[in-house]
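[1] next comes the sequence, and after it the predicted model I'd like to discuss.
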Amino acid sequence: MANRKQMKRRLRENPQFHKWLKGKPELYNQIKRDPAGLEGMIVSWKREQTKLAQLQKIGQGYRQVVSQIQELNTLVERVDSLMSNIKIMNERWSEYKNQYIATEKAAEVSTKERKRKTRVN
């Protein structure tokens, strides 16, 4: 009878374990019949809870890394887009520059011709 009282006390001291144990009727009935195995079961359960907590922490870290990688990919895509725009602007600038130089040369030539005609007249 003392074992049953100790079992009830231990279950009250570990409410999460008690809740988990009630979810496993076959184990709960086994512990009711043989309360001596309770301590070992509590130790095993605590180890499992520690492992689960560690896995959750690892999973959270993994999700955080995935999020950071996605943000990095977004930045890389933006940089690629900017570089593409800069390349297009440089190509157009070269075309514009060549047109500008040709226009300037043509204007210079026409100015020289006007001066010649003015001198001739």
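    Looks like it came in fine.

[2] quick check, central residue of this structure?
    residue 67 (0.8 Å; CA atoms, centre = their mean).

[3] if I look at it, how far off is residue 21?
    Distance of residue 67 to residue 21, given as CB to CB, to the nearest Å: 37 Å. For glycine as for every other residue, the C-beta is placed from the backbone atoms N, C-alpha and C.

[4] got a list of what the residue nearest to the centre of the chain touches?
    If you count contacts by CB atoms under 8 Å, 6 or more residues apart in numbering, residue 67 has none.

[5] next one: it from residue 37, what distance?
    44 Å.

[6] tell me where the chain has strands.
    Using DSSP state E, no strands are assigned anywhere in the chain.

[7] lowest mean pLDDT among the helices and strands of this protein, which one is it?
    Lowest on mean pLDDT, DSSP states H and E among the helices and strands of the chain sits helix 2-13, with a mean of 84.

[8] could you say what helices and strands it packs with?
    Helix 2-13 is packed against helix 15-22, helix 38-120, with contacts defined by 3 or more CB pairs under 8 Å, 6 or more residues apart in numbering; DSSP states H and E.

[9] tell me where the model's unsure across the chain.
    1-2, 112, 117, 119-121 (pLDDT under 70).

[10] please redo it, this time with the cut-off set to 50
    By pLDDT under 50, the low-scoring segments of the chain are 1.

[11] phi, psi of residue 23?
    Note on residue 23: its backbone torsions stand at phi -70, psi -10 [degrees, to the nearest 10].
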